[in-house]
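A.B. asks: Fold the following, please.
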Amino acid sequence: MTLKAMLARLLTVLLLITGPVALLQANTLRYATGFPPGSVAAEAAHSYADALERYSDGDLSMKVYALALLNAAETSDGVRDGIADAGYLLTVYFPSMYPHTNLVNESSMQLALFDPEALNGKGALAFNAAMAEFTLFHCDECQREYSDQNQVYTGNAASSRYGLLCNKAVTNREQLRGKRLRVAGSHWSRWSQHFGATPVSLTINDTLEALSQGVIDCTISSAPELINLGLTEAASDITMAVPGGVYAAASAASINGDVWRGLSEAQRSAVLKAGARLSAEVPMRYLALEKEALAGAREAGATLHDADAALVEASRAFVREDLDTIVEYYQSNHGVEDGAAMLKTFRGLLEKWVPLVQDADSVDQLEQLYWEEIFSKVDTANYGME
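C.D. replies: Modelled structure (predicted):
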């Protein structure tokens, strides 16, 4: 057993003895993210902690553990069991636990079907908002998924667009064929297979080594991961036009259910308001960092490629067909029976949010919009109290 595992087990035993009440008496919650210090998620977490203390008038505080308490693959169980009181949960790593959440997330490539001028580069902000509103108010099954893992959903996070970060040029169908692509969802896996590539499942913490050693040829990731995960040293060729989509199945403020129920109603309201802050921080930081990351990669010697026009159009055609495939996939593999209705409801929310986010040009503006339109409408007296 590793030292980290031994410490985690010891902490679990202590929690079983003292319980979450002891933690709440100290008014300090422990927040875990599998992203390293300095990454978008870690920096946003510190802003989240500051917001929680501010919105609770100092009644609650938070200590952030960036890749120090739980990694990405440990977060779900770690928050469930109280090793952390809250965490940045990436549900894609747990397909059987969060199938309804993942189904909706995997429709994110539909952003490629919107008018680019209407999106105005803010597709991630709209998709993130639609994901939060859908989860909180339109998806009882999603809520049950979190409840079954002793967690309460209080915030969402979305990345910027996903492209191909590679160690060789990949710009057309011929170059895609036979490549090994790290994927973070079954939709990107299907996209890879559709174009003759082989999808590879790896956690974020293993991506740099795999790309450096040639275990994979590309990772389908957002450009900021060049900085967040140190991929600049391994990614020599970058093509951002495909496959597209964002990652938004991040329950970025997933709270241990026992901890949540031990809070006062005023404290739960503060957690939700801080959750609106975190929900705004992450995608805004990702969008800002995308330009910096791509410029830095170019300066480090990487080549930024345009995708072949035929590949872009073929990718859009795949997305149209895959919306039906997503429903079939989750029904046959995870027993989701109402996928088509879920996607129809979500599409309506997404269409609503695309124009709503256009005037949000700062984190503060986006936080206020998210709070007024989504999080402030949660019934803090009853939500998550079952």
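A.B. asks: Quickly list what the residue positioned nearest the centre of the chain is bridged to.
C.D. replies: The residue at the geometric middle of the chain, judged as the C-alpha nearest the mean C-alpha position with CA atoms, centre = their mean, is A250 (3.1 Å). For A250, the beta-bridge partners under DSSP bridges are L90, A157.
A.B. asks: Please work out the average pLDDT along the top helix by length along the chain.
C.D. replies: For the chain, the helix with the greatest residue count under DSSP state H is helix 265-299. For helix 265-299, the per-residue pLDDT values average out at 96.
A.B. asks: Show me what that helix is packed against.
C.D. replies: Taking 3 or more CB pairs under 8 Å, 6 or more residues apart in numbering; DSSP states H and E as the contact definition, the neighbouring helices and strands of helix 265-299 are helix 40-55, helix 123-137, helix 225-228, strand 250-256, strand 303-305, helix 363-373. To be clear about C-beta, it is placed using only N, CA and C from the backbone, and glycine gets the same treatment.
A.B. asks: Would you single out the least confident of the ones you listed?
C.D. replies: When those are compared by mean pLDDT, helix 225-228 comes last with a mean of 90.
A.B. asks: Just say helix, strand or coil for Y88.
C.D. replies: strand (DSSP: H, G, I helix; E, B strand; the rest coil).
A.B. asks: roughly how far apart are A252 and G296?
C.D. replies: In this structure, A252 and G296 are 25 Å apart, going by CB to CB, to the nearest Å.
A.B. asks: Can you pick out the residue with more neighbours from the two?
C.D. replies: Under the neighbour definition other CB atoms under 10 Å, A252 and G296 were set side by side, and A252 has more, 29 against 15.
A.B. asks: quick one: contacts for the closest residue in space to that one that isn't next to it in sequence?
C.D. replies: Taking CB to CB, 6 or more residues apart in numbering, and ignoring the residues beside it in sequence, A252 has A157 as its nearest neighbour in space, at 3.6 Å. Contact analysis of A157 by CB atoms under 8 Å, 6 or more residues apart in numbering lists 41, 44, 88, 128, 248, 250, 252, 278-279, 282-283.
A.B. asks: same thing but 7 Å
C.D. replies: 128, 250, 252, 278-279, 282-283 (CB atoms under 7 Å, 6 or more residues apart in numbering).
A.B. asks: do the same with V183
C.D. replies: Contacts for V183 (CB under 7 Å, 6+ apart) come out as 189, 192, 199-201, 220.
A.B. asks: Where do the helices of the stretch 51-200 of the chain begin and end?
C.D. replies: According to DSSP state H, counting those that start in this stretch, the stretch 51-200 of the chain carries its helices in the segments 75-80, 99-105, 116-119, 123-137, 140-148, 173-176, 186-194.
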